[in-house]
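A.B. asks: build me a model from this:
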Amino acid sequence: MTERLKEVQAFLERTPFARFLGMRCEMQDEEMIAVLPFQEKFIGNRAINALHGGCTGAFLELTAMAGVFLQSDMPRPPKPINITIDYLRSAKGGEDLYATAIVHKLGRRMASVRAEAWQGERGKPVTALQAHFLVPQDS
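C.D. replies: Sure thing, here's the model as predicted:
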């Protein structure tokens with residue numbers, strides 16, 4: 001595990017909702033993959049056995065923040081400016097959720113990120129996020 005990935009994992013462990021979700025990040029080749037292990041408490045609609053949208057949205061927000069933090073030399077994680085979440089299909093209960101973040105722009109003041117979450121087949125995302133983050137300044 002790289003030193004920076006250890007810092008990302010420490011950030012997740014310090015973040016109450018990330019701890020509640022039990023999410024973790026791992027490296028596969030040169031890419032960070034976030035993992036949300038399934039827990040019964042995440043079911044939002046028992047009739048269709050679907051995860052609650054708040055869990056998937058928060059998971060993607062944290063994934064995007066971790067992605068920006070991992071690809072930069074920031075002293076601390078970025079703060080969200082705006083976030084748009086597209087719920088593309090139901091995330092099914094009983095399966096882990098995976099996500100990755102692509103940092104489109106990392107400037108001195110702002111970062112633009114897209115993140116996608118999937119179950120099973122990566123080419124069929126269940127949720128997508130577009131976000132802008134405020135890049136922390138050294139002072």
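A.B. asks: rest of the way, CA atoms for contacts and neighbours
C.D. replies: Fine.
A.B. asks: tell me which other helices or strands the top helix by length along the chain touches.
C.D. replies: Of all the segments assigned as helix in the chain under DSSP state H, the longest by residue count is helix 53-70. Contact analysis of helix 53-70 by 3 or more CA pairs under 8 Å, 6 or more residues apart in numbering; DSSP states H and E lists helix 3-14, helix 16-21, strand 31-36, strand 79-87, strand 97-106, strand 110-118, strand 127-134 as its packing neighbours.
A.B. asks: if we look at the third one, which residues are touching it?
C.D. replies: Here strand 31-36 makes contact (CA atoms under 8 Å, 6 or more residues apart in numbering) with 21-27, 59, 63, 67, 96-101.
A.B. asks: again, only this time at 6 Å
C.D. replies: Residues external to strand 31-36 that are found in contact with it (CA atoms under 6 Å, 6 or more residues apart in numbering): 23-26, 96-100.
A.B. asks: for the record, mean pLDDT for it?
C.D. replies: Across strand 31-36, pLDDT averages out at 95.
A.B. asks: with the last one instead?
C.D. replies: Per-region confidence: strand 127-134 scores 97 on mean pLDDT.
A.B. asks: quick one: strands adjacent to that strand?
C.D. replies: Within its sheet, strand 127-134 is paired with strand 79-87 (antiparallel), strand 110-118 (antiparallel), according to DSSP bridges.
A.B. asks: just to revisit the earlier point, chain center to the longest helix of the chain: distance?
C.D. replies: Taking CA atoms, centre = their mean, to the nearest Å, the mean C-alpha location of helix 53-70 is offset from the chain mean by 2 Å.
A.B. asks: quick check: buried residues in that helix?
C.D. replies: Applying a neighbour-count criterion of 16 or more other CA atoms under 10 Å, the buried positions in helix 53-70 are 53, 55-57, 59-70.
A.B. asks: quick one: which of those residues is nearest Phe42?
C.D. replies: Using CA to CA, Cys55 is the member of the buried residues of helix 53-70 that lies nearest Phe42, at 6.6 Å.
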